[in-house]
Each structure stands twice: as structure tokens, then as C-alpha cells.
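In: quick one, structure for this:
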Amino acid sequence: MSSDDDPTAAEAACFEAGIKFGTLYHQFAGTPVSPASAPSLAQAMEEAIENQPHCRAVTVDVRTDELEAALEGAAADYTELTGRFLEVEIVVDYEGCAVVTRMEMEDGYPLMRVESVRN
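Out: Next up, the predicted model:
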């Protein structure tokens, strides 16, 4: 029996997307990354998050231009992964409701948001 207080499929799908972003960000933040390792790290992130329930697709783009700029004049040839180096799209499908979410830099902050909800 459901009530008006039960979450809708769209609300549950948005919650699932939030869980996936929390996992992606906090699991991988601080990982050593270089321009050479960026593609394999992006693939590992995608594959790890796609293992989670209701996850239809994950696309991770490591912003190598930002990464290279951060490494200019640095003593090391790698740095720690932070949100400023990432653009991410996660698509969740929960009971026929598809939610598209993104993370990208906005005003100097890696903002995560819901792009669309489709039943």
C-alpha cells in the first residue's frame, strides 16, 4: 500500500543519482592523476560507478587542459584529482524513470545537478 508520502519513481531516481555522485566524488578525490593516466582513471571511474544498481551510463571526462595548466612549473608530473578536473554525466533508470545528471565547473565550483527527468 502506498501513500502520498511515498517517494515517486522520479524522486527515487534522483536520490539514486545523488548516491552515485557522492560515491564517484568521494571515492576518487585525491587520486594521483597525470595527463598520461587521465584516460585510464576516467575509464575506471565510469566502470566502478556503472556497477551500482539502476545506473544506466556514466561518462567521465578528465579536463586535461586544466590538469596540464595545474602542472605547469610544478615539481611533480602529477597532482591530486579534484572536481575542478572533472566533467561527469550519470544516467540513472529507476522503474522506467530516466534521470540525467551532470557535474561540471560553475563559478569555480564543481556543481552537481539534475539535467532532466523523463518517465
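In: please enumerate the helices of this protein.
Out: 9-28, 38-50, 64-71 (DSSP state H).
In: please look at V117 and A9 and confirm they touch.
Out: No - counting by CB atoms under 8 Å, V117 stays clear of A9, with 9.5 Å between them. (C-beta placed from N, C-alpha, C; glycine too.)
In: ok so, going back, turn the helices of the chain into a markdown table, columns for mean pLDDT and mean neighbour count.
Out: A markdown table is the format used below for the helices of the chain (pLDDT from 0 to 100; neighbours: other CB atoms under 10 Å):
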| stretch | mean pLDDT | mean neighbour count |
| --- | --- | --- |
| helix 9-28 | 96 | 18 |
| helix 38-50 | 98 | 16 |
| helix 64-71 | 96 | 14 |
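In: intersection of neighbour lists for V117 and A9?
Out: C97 (CB atoms under 8 Å, 6 or more residues apart in numbering).
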